[in-house]
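Undergrad: Next one to model:
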Amino acid sequence: MKQSKKAYESLAWEALGQAGRSYQQKTLRQVAVKFCKKHAAIIKQEHSADFDFDQWVIKSGSLSREKLANLCFLPFSTRNLYYLFLESLPPTIKIIWEQLIWENTIKINDAIKEYKISIFASGKDPLRSYFYYSDIREEYQLLLSTDSYYATSMDSARFVLPFGLRSVIAKYYDLPESAKLIGMQEAPATEFQYLDAEASIMAELPRLYTYYKQKQIDFTVKERPAATGLSKIHRNLQLREFFPEASKKQHKFLRTNILATLIYHWPQKTSIDQAATIQTYFNSLFKNKTYTAAALLPDLKGMGNVDLYYLNKVEAALLDLLGKLPGEAWVDMNRIEQHTKFLLINLKGVSLSIADEKLYFELDIEEKALKRYNEDRKYINDTTYRQAIELPILKGAFFLFAAMGLCELAYDEVKGEIGVDAYSAWDGLKAVKRTPLGDYVCGLSNNYELQISSKGGMTLSPETLLITIDGPESGMAGILAPYAEKISPNRYRSDSQIFLKNIRSKSELDSKIILFRQLLKTELPPNWEQFLVELQQKMNPFEKAGEMSLYKIPAANKTLIQLIAQDPVLKNLVIKAENYHILVPKANNAAFKRRLQEFGYLLT
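TA: Below you'll find the model as predicted:
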């Protein structure tokens, strides 16, 4: 089906609107004019009759920016036209061009060495300390969509294509086998597996939200949880962690940091159906308001200097990627990485220019060994950008989804020094499996019921508040922790004090009881039913009295004591308490003072 003119213009601007003006005016314009003259008949076959591309060619030197983009985009506007353009390129330029579709940049020095090419125009000296990009031969200008006029050195010079154009062209290529999201039945052998993710978040979320509403979580002006308060949050709420015995201090509270980050934008109107609330959050506030880059890049220094307006929204693309994983199967992380590479999925939560200016790894170099200022800082550049920014955001996103119960993980703890041997805490992620809650949030199922991956069942004693695990425990200690206390390898004990821990309201208790019933998926014995009923009945057993004034009568004032005790009017206005104290309801205060005045007592 042929594109409408309006759709074409929109796509042309998406592809080239952010490209450098000089790149379009000097390079792409010449390519497009030549292409249009040679393939005019085919262009007319590919596009609708209302295209006035021949006028664009005639007026190519005086087009507006929008019309110039329309002209320059023609060789890339359809699959057939693109492959005509591709075949017109010299062999080496074609190789570099196709490589640049999948790579952010290529060092010119590396291309010269690998392909043994000479890129400089005759008489131009490439060995001086800097050179102008205009010194490069005309045919290689096609690979230089940079706004810079010169490079400070050969080592800093790069070939680069506009990202928008790359995004369009990438769709013309078939996805390599290595980039297809094919599932596996079993997870690979790893040091850690994060299972029962759904049960964990369902148990933790009510107390986390209450803790947040009570203003117990400190946030920075950039809407991020204060790092100094993470240990307190973790300790008070007993939150599960990805690396419980983390060898690196900054990796000890990663999940706590993620949960505190997300709760900042949590829906104000929460439902007793927590799955529905989680679904609402991810499909609205997560996609549109939450910025996760700081939580997903915990090993980079300098994020405190990166304001919200410097960050890019990548959250919607990440959630869409989760939804593309095959159901009920593990997916190798290498496949997911390749998938994002060949589909050019946007993982640029922090742009290269901002990362290069503000972000760095702090290397483990003793101060006395430093030979120059900032030698212990490894800054981000275009050659490390994908490993230091894009891949940590990608892998960190799956840890974020796991923290919220949307997927399960198989992973190792990274070894060695961050910034040298690895780039983030998430580097050890090996495989991901979307959960039923993830299916529900991604719109792949219409309802959700909490499931537990434990291979054994649970038996509740009909006589005492004891729970016995039948078979392998499989992480049941973490799941049952909010409801019962472990007393032996497969036995747990509950009581009112244990069950009510961290409960601060009746709605929280009601939610906790509902989750407890969902965990069991069976009818409770009568003694357990009675236990839960009594917990609800004993919630707020007292009625709050209105505002009162408290007075104490001096023990030596026998006359006043006798008056309060015997006067029929005063007796009805006060409430007697112990130790010569009386309480006067606010509504009775005026009458109480008037009656006392009748006996000569003045109460001011």
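Undergrad: Just the CA atoms of the helix of greatest length in the chain, as CSV, please.
TA: Ranked by number of residues, the top helix in the chain under DSSP state H is helix 197-213. The C-alpha coordinates for helix 197-213 follow below in CSV (Å, rounded to 0.1, in the frame of the first residue of the first chain):
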residue,chain,number,x,y,z
ALA,A,197,8.5,-12.3,42.7
GLU,A,198,4.8,-11.9,42.7
ALA,A,199,4.2,-13.1,46.2
SER,A,200,7.1,-10.9,47.5
ILE,A,201,5.7,-7.6,46.1
MET,A,202,2.1,-8.4,47.1
ALA,A,203,3.2,-8.9,50.7
GLU,A,204,5.5,-5.8,50.7
LEU,A,205,3.5,-3.3,48.7
PRO,A,206,0.9,-2.3,51.4
ARG,A,207,3.4,-1.6,54.0
LEU,A,208,5.7,0.2,51.5
TYR,A,209,2.9,2.5,50.4
THR,A,210,1.8,3.2,53.9
TYR,A,211,5.4,4.0,54.9
TYR,A,212,5.6,6.4,52.0
LYS,A,213,2.3,8.1,52.8
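Undergrad: what helices or strands is that helix leaning on?
TA: Applying 3 or more C-beta pairs under 8 Å, 6 or more residues apart in numbering; DSSP states H and E, one finds that helix 197-213 contacts helix 230-237, helix 254-263, helix 274-280, helix 391-403, helix 436-441, helix 476-480, helix 506-520. Any C-beta I mention is one placed from the backbone N, CA and C, and that applies to glycine too.
Undergrad: What strands line up against the following helix or strand past the fourth one, and which way round?
TA: Spelled out, it's helix 391-403. Per DSSP states H and E, helix 391-403 leads on to strand 407-411 as the next helix or strand towards the C-terminus. When sheet partners are counted by DSSP bridges, strand 407-411 sits next to strand 192-194 (antiparallel), strand 429-434 (antiparallel).
Undergrad: which one of those has the most crowded surroundings?
TA: Mean neighbours per residue, mean count of other C-beta atoms under 10 Å, is largest over the strands paired with strand 407-411 for strand 429-434, with a mean of 25.
Undergrad: Contacts for that one next, please.
TA: With C-beta atoms under 8 Å, 6 or more residues apart in numbering as the test, strand 429-434 has contacts from 184, 187-188, 190, 322-323, 325, 327-333, 336, 395, 398-399, 406-412, 442.
Undergrad: and if we set it to 6 Å?
TA: Applying C-beta atoms under 6 Å, 6 or more residues apart in numbering, the contact partners of strand 429-434 are 187-188, 190, 325, 330-333, 395, 398, 407-408, 410-411.
Undergrad: could you dump these to a markdown table with distance to residue 260, pLDDT and neighbour count?
TA: Putting the contacts of strand 429-434 into a markdown table (distance: C-beta to C-beta, whole Å; pLDDT from 0 to 100; neighbours: other C-beta atoms under 10 Å) gives the following:
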| residue | distance to residue 260 | pLDDT | neighbour count |
| --- | --- | --- | --- |
| 187 | 28 | 96 | 20 |
| 188 | 31 | 96 | 14 |
| 190 | 26 | 96 | 16 |
| 325 | 26 | 97 | 23 |
| 330 | 29 | 98 | 21 |
| 331 | 28 | 98 | 23 |
| 332 | 31 | 98 | 19 |
| 333 | 26 | 98 | 23 |
| 395 | 20 | 98 | 24 |
| 398 | 19 | 98 | 29 |
| 407 | 20 | 97 | 24 |
| 408 | 22 | 97 | 23 |
| 410 | 25 | 97 | 23 |
| 411 | 21 | 97 | 27 |
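Undergrad: Show the model's pLDDT score for residue 252.
TA: Residue 252 carries a pLDDT value of 94.
Undergrad: quick one, which of the helices and strands packed on helix 197-213 is nearest to residue 294?
TA: helix 254-263 (7.2 Å; C-beta to C-beta).
Undergrad: helices and strands around the closest one, which ones?
TA: Secondary-structure packing of helix 254-263 (3 or more C-beta pairs under 6 Å, 6 or more residues apart in numbering; DSSP states H and E): helix 197-213, helix 230-237, helix 293-296, helix 391-403.
Undergrad: Off-centre distance for the longest one?
TA: Using C-alpha atoms, centre = their mean, to the nearest Å, the mean C-alpha position of helix 197-213 is found 17 Å from that of the whole chain.
Undergrad: what mean pLDDT would you report for that helix?
TA: Rounded mean pLDDT across helix 197-213 is 86.
Undergrad: Quick one: work out the angle between it and helix 230-237.
TA: Helix 197-213 and helix 230-237 are oriented at 110 degrees to each other (axes from the mean of the first three to the mean of the last three C-alpha atoms, to 10 degrees).
Undergrad: the strands in the stretch 501-604 of the chain, which residues?
TA: 548-552, 575-576, 581-585 (DSSP state E, counting those that start in this stretch).
Undergrad: Strand partners (parallel or antiparallel) of the shortest one?
TA: Strands adjacent to strand 575-576 in the sheet, as given by DSSP bridges, are strand 581-585 (antiparallel).
Undergrad: pLDDT value on residue 243, please?
TA: pLDDT, read off for residue 243, is 94.
Undergrad: is it true that it touches residue 251?
TA: Yes: contact criterion C-beta atoms under 6 Å: residue 243 and residue 251 qualify, at 5.1 Å.
Undergrad: returning to what we had before: can you say which two of the contacts of strand 429-434 are spatially most distant?
TA: With distances taken as C-beta to C-beta, the most widely separated pair in the contacts of strand 429-434 is 190 and 325, at 17.8 Å.
Undergrad: and the helices and strands packed on helix 197-213, which one's lowest on average pLDDT?
TA: Mean pLDDT is lowest for helix 476-480 among those, at a mean of 67.
Undergrad: need the next SSE after it, C-terminal direction.
TA: strand 485-488.
Undergrad: Not counting its own residues, what contacts stretch 314-333?
TA: Stretch 314-333 is contacted from outside by 181, 183-184, 187, 286-287, 345-347, 349, 397, 401, 429-434, 442, using C-beta under 6 Å, 6+ apart.
Undergrad: So for that stretch, what gets flagged as buried?
TA: Neighbour-count burial for stretch 314-333 flags 314-315, 317-319, 321-322, 325, 329-333 (criterion: 16 or more other C-beta atoms under 10 Å).
Undergrad: Now, the residues you listed that are in helices?
TA: Per DSSP H, the buried residues of stretch 314-333 map to helices at 315, 317, 318, 319, 321, 322, 333.
Undergrad: Out of those, which comes closest to residue 600?
TA: Proximity of these to residue 600 (C-beta to C-beta) peaks at residue 315, which lies at 74.8 Å.
Undergrad: follow-up on the earlier one: ok, which of the helices and strands packed on helix 197-213 comes nearest residue 176?
TA: helix 391-403 (17.6 Å).
Undergrad: Report the angle between the closest one and helix 315-324.
TA: 60 degrees.
Undergrad: Just want the angle from helix 391-403 to helix 254-263.
TA: With the same axes, to 10 degrees applied, the angle from helix 391-403 to helix 254-263 works out at 80 degrees.
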